[in-house]
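# Below: sequence and its predicted model.
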Amino acid sequence: MRKIGIFRKFLQGFRHRPSPLGVLAFLTALFFATVAAAAEKIRVFPETPYDGFIIYESLAVFWIFIIGLIVIIRMKLREIERTQALGTEREDPEAPLLE
């Protein structure tokens with residue numbers, strides 16, 4: 001009985017009249033839910049194992065490519081940091097000029 005009393009106290013805050021906009025939103029959501037249930041099901045996974053193999057193989061190649069790009073970018077950033085630490089971008093006033 002105590003649980004019902006707690007639930008009743010919770011519902012006391014909702015005793016006002018529902019807004020027309022809320023009712024309209026509820027009916028619209030209900031309508032789209034019923035229409036979606038009647039729609040044709042979209043197949044997510046392929047039916048044959050061969051097609052599944054091709055999809056997973058393509059996915060593996062894609063992620064290997066992405067990881068390779070990340071490794072290359074890190075290598076380039078380390079090379080830039082190394083050359084900046086050497087100070088090669090600073091101008092030397094006593095360096096010979098090419099004429």
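That came in fine, so what should we check first?
# Could you report the neighbour count for residue 71?
10 (other Cβ atoms under 10 Å). In this view, the C-beta of every residue, glycine as well, is placed from N, C-alpha and C.
# Now do the helix or strand encompassing it, average pLDDT.
Using DSSP states H and E, residue 71 sits in helix 49-86. Averaging pLDDT along helix 49-86 gives 93.
# so what does it touch, helix or strand wise?
Helix 49-86 makes packing contacts with no helix or strand when contacts are defined by 3 or more Cβ pairs under 8 Å, 6 or more residues apart in numbering; DSSP states H and E.
# That helix: how far from the chain's middle?
Averaged C-alpha coordinates place helix 49-86 at 19 Å from its chain's average position (Cα atoms, centre = their mean, to the nearest Å).
# what does stretch 47-63 give?
Centre to centre, stretch against its chain (Cα atoms, centre = their mean), the figure for stretch 47-63 is 21 Å.
# Show me the contact partners of it.
For stretch 47-63, contacts defined as Cβ atoms under 8 Å, 6 or more residues apart in numbering pick out 45, 46.
# Which parts of it count as buried, going by neighbours?
Residues of stretch 47-63 classed as buried by neighbour count (16 or more other Cβ atoms under 10 Å): none.
# can you check stretch 60-77 too?
By neighbour count on 16+ other Cβ under 10 Å, the buried set for stretch 60-77 is empty.
# how about it as CSV, C-alpha atoms only?
Presented in CSV, the C-alpha positions along stretch 60-77 are these (Å, rounded to 0.1, in the frame of the first residue of the first chain):
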residue,chain,number,x,y,z
ALA,A,60,38.8,-4.0,-42.2
VAL,A,61,40.7,-2.4,-45.1
PHE,A,62,39.0,0.9,-44.3
TRP,A,63,40.1,0.8,-40.7
ILE,A,64,43.6,-0.2,-41.6
PHE,A,65,43.8,2.8,-43.9
ILE,A,66,42.5,5.1,-41.2
ILE,A,67,45.1,3.8,-38.7
GLY,A,68,47.8,4.1,-41.3
LEU,A,69,46.9,7.8,-41.8
ILE,A,70,47.0,8.4,-38.1
VAL,A,71,50.5,6.9,-37.9
ILE,A,72,51.8,8.9,-40.9
ILE,A,73,50.4,12.1,-39.4
ARG,A,74,52.1,11.4,-36.0
MET,A,75,55.4,10.7,-37.8
LYS,A,76,55.2,14.0,-39.6
LEU,A,77,54.3,15.9,-36.4
